[in-house]
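Novice: show me the folded form of this:
(3 chains)
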Amino acid sequence: MPDPYRIWLSEVMLQQTTVAAVKDYFLKFTTLWPTVQDLAAAEDADVMAAWAGLGYYARARNLLKCARVVAAEYMGVFPSDRDSLQTLPGIGPYTSAAISAIAFDLPETVLDGNVERVMARIHAIETPLPTAKPELMALAQALTPLKRAGDYAQAVMDLGATICTPKNPVCGICPWRDGCEGHATGIAPELPRKLAKKAKPTRRGIAYVLRNSNGDWLLETRPEKGLLGGMLGWPGSDWSEAPVAAPPVSTGWEAAGMEVRHTFTHFHLILEVMTARADIDPDIGKFVPHHAFRPSDLPTVMRKVFDVAKHRFE
DNA sequence: CACGCGTGGGA
DNA sequence: TTCCCAAGCGT
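Specialist: Sure thing, here's the model as predicted:
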């Protein structure tokens, strides 16, 4: 049997994330924390730092919560049934089915974006997502085998990731081409249809990068909830149309000269970067010693700020 | 239940 | 440059 801990970890990392992006993180996590008990015993800050750059940071917070529940209430043994799995933090309909099927060989139907796309195409479903989801689930259930449902699920997901791709599907080499109604009618590449998305607004903000005379960096741990929750970051203004400057100390701030641009799920952000050196005790955050500071512990937008600011201290 | 929540890569 | 995403979940 595959190690349920590793299946769970990989499935959570793969939520809305490509295999290429996950690979190194999976190796890092399994090296640092080989078992769910090891992960459960880890420091929050270490787990968040190890997750930095992978995005959707609520996944990391829930990952740790889940590990601690499994360690404390399940004696370190993951449950095998969907219903129990789905009560755990960060495990929803997709992940519970994937763990049941892949780790425990139970005949659960795994429905992710790949399976939705493959089902929509082979059955030529023109109903747009998310409306079509229940229909696609029923079609996926009808095809799920009683044996090796996990292998089957991974095969369909691999098909969706490599051949039945969102754009430019390679129908010429597809093993399901003959039975594919979408291919027969020539609309496969357009499926699944989706409702139009909202445009992303642009917000602005100011980030403050402060070092003291020891070379330590002023950073804050962001609140648990919300954007970049629980992650390290530079103190700054709010992010809005008209940000209100809020430097952590009153001193001679200088603009770094280059803006940082970053796009989140639902808005574009343009950050002005201000830098200063001062030994004033700040109200916000705390100085991280020079030797303990690793830019790789920061979420990507904060690492971009560092990349712009660091030249000011050379 | 619609929305908030990251990132890097490809077209 | 800009847009589209990719193995979803929580609220």
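Novice: spell out which parts of the stretch 51-200 of chain A neighbour DNA strand C.
Specialist: A:56, A:58, A:62, A:89-96, A:98, A:112-114, A:117, A:154, A:157-158, A:160-161, A:165-167, A:194, A:197, A:199-200 (CB under 7 Å from any atom of the strand). Bear in mind the C-beta positions are built from the backbone N, C-alpha and C, glycine included.
Novice: kindly recompute the last result at 6 Å.
Specialist: By CB under 6 Å from any atom of the strand, the residues of the stretch 51-200 of chain A that approach DNA strand C are A:56, A:62, A:89-95, A:112-114, A:157-158, A:160-161, A:165-166, A:194, A:197.
Novice: list the ones among the residues you listed that fall in strands.
Specialist: Within these, no residue falls in strands by DSSP state E.
Novice: inside helices: which ones of those residues?
Specialist: Using DSSP state H, A:Asn62, A:Pro93, A:Tyr94, A:Thr95, A:Gly113, A:Asn114, A:Met157, A:Asp158, A:Gly160, A:Ala161 are the members of those that sit in helices.
Novice: do you know the pLDDT at the fifth one?
Specialist: By that I understand A:Gly113. Here, the pLDDT recorded for A:Gly113 equals 93.
Novice: was I right about it contacting A:Gly160?
Specialist: Yes - contact criterion CB atoms under 8 Å: A:Gly113 and A:Gly160 qualify, at 7.4 Å.
Novice: when those two are compared, which one has more neighbours?
Specialist: A:Gly160 (21 against 15; other CB atoms under 10 Å).
Novice: show me the contacts for that one.
Specialist: Taking CB atoms under 8 Å, 6 or more residues apart in numbering as the contact definition, A:Gly160 lies against A:Gly113, A:Asn114, A:Val115, A:Arg117, A:Val118.
Novice: so A:Ala188 versus A:Arg211, what's the distance?
Specialist: 56 Å (CB to CB, to the nearest Å).
Novice: what segments of the stretch 201-314 of chain A are helices?
Specialist: For the stretch 201-314 of chain A, applying DSSP state H, counting those that start in this stretch gives helices covering A:300-309.
Novice: return the residues of it in contact with DNA strand B.
Specialist: A:Gly226, A:Leu227, A:Leu228, A:His262, A:Thr263, A:Phe264, A:Thr265, A:His266, A:Pro299, A:Thr300, A:Val301.
Novice: so which of the residues you listed would you say is closest to A:Arg204?
Specialist: A:His262 (11.5 Å; CB to CB).
Novice: pull the number of nearby residues for the residue nearest to the closest one when sequence neighbours are not counted.
Specialist: Distances taken as CB to CB, 6 or more residues apart in numbering place A:Val301 nearest to A:His262, at 4.3 Å, with adjacent residues excluded. A count of nearby residues for A:Val301, using other CB under 10 Å, gives 22.
Novice: on that earlier part again, now which of the residues of the stretch 51-200 of chain A next to DNA strand C would you call buried?
Specialist: A:Asn62, A:Gly90, A:Ile91, A:Tyr94, A:Thr95, A:Asp112, A:Asn114, A:Met157, A:Gly160 (16 or more other CB atoms under 10 Å).
Novice: farthest pair within those?
Specialist: A:Asn62 and A:Gly160 (25.2 Å).
Novice: near DNA strand B, which residues of the stretch 51-200 of chain A are found?
Specialist: For the stretch 51-200 of chain A, the residues in contact with DNA strand B (CB under 6 Å from any atom of the strand) are A:Gly53, A:Gly55, A:Tyr56, A:Tyr57, A:Ala58, A:Lys167.
Novice: pretty sure the second one contacts A:Met13?
Specialist: No - the pair A:Gly55 and A:Met13 fails to qualify as a contact (CB under 8 Å) at a distance of 10.2 Å.
Novice: and the closest residue to A:Phe293 other than its chain neighbours, how far from DNA strand C?
Specialist: Residue nearest to A:Phe293 in three dimensions, not counting chain neighbours: A:Trp217, with 5.1 Å by CB to CB, 6+ apart. Per CB to the nearest atom of the strand, to the nearest Å, A:Trp217 is found 28 Å from DNA strand C.
Novice: now do A:Asp283
Specialist: 29 Å.
Novice: that residue contacts A:Ser250, doesn't it?
Specialist: No - in this structure, A:Asp283 is not within contact of A:Ser250 by CB under 8 Å, at 10.1 Å.
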